[in-house]
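> Everything below, folded, please.
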Amino acid sequence: MEANEVALSGELAGIEPLRHTPAGIPLIHFKLQHRSQQVEAGYKRQVECEISGVAMAEVAVAMARMKAGQRVRVSGFLNRKNRMSAQLLLHATRAE
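Numbering: from 1, shown residues only. Model prediction:
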């Protein structure tokens, strides 16, 4: 299997209300704002990015208790937003 693993910490820039799929699975969409200083080729650089994400099942239920502005560390994988889009979406499999 090919690697597709992401771990990103940051601030919840936005979080939608918890909802459920037609099959009854809890689902929540969120935006994660990341800011840090990283070393690349021996030089420090300031990094800033915002990524949209989705969580399902127990991770969605746990994230529904979180508020915008809260610090969080999210682990998961990347996939296209949908089959017609090249935009990436972070699928959270863990959030703390």
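> Mind telling me what element residue 28 is part of?
Per DSSP states H and E, residue 28 falls inside strand 26-40.
> Equivalent analysis for residue 58, please.
Counting by DSSP H and E, residue 58 is part of helix 57-63.
> ok, residues contacting that helix?
Under the contact criterion C-beta atoms under 8 Å, 6 or more residues apart in numbering, helix 57-63 has outside partners 15, 18, 25-28, 30, 55, 72, 92-95. Every C-beta, even on glycine, is put in place using the N, C-alpha and C of the backbone.
> make it 6 Å
25, 26, 27, 28, 55, 92, 95 (C-beta atoms under 6 Å, 6 or more residues apart in numbering).
> I'd guessed the fourth one sits against residue 20; true?
No. The pair residue 28 / residue 20 is not scored as a contact, 10.1 Å apart, by C-beta atoms under 6 Å.
> Flag the shaky bits of this structure, pLDDT-wise.
The model of the chain has no residue with pLDDT under 70.
> Which residue of it lies farthest from its centroid?
Going by C-alpha atoms, centre = their mean, the residue of the chain most distant from its centre is residue 42, 28.2 Å out.
> OK, contacts around that one?
Going by C-beta under 6 Å, 6+ apart, the list of residues near residue 42 is empty.
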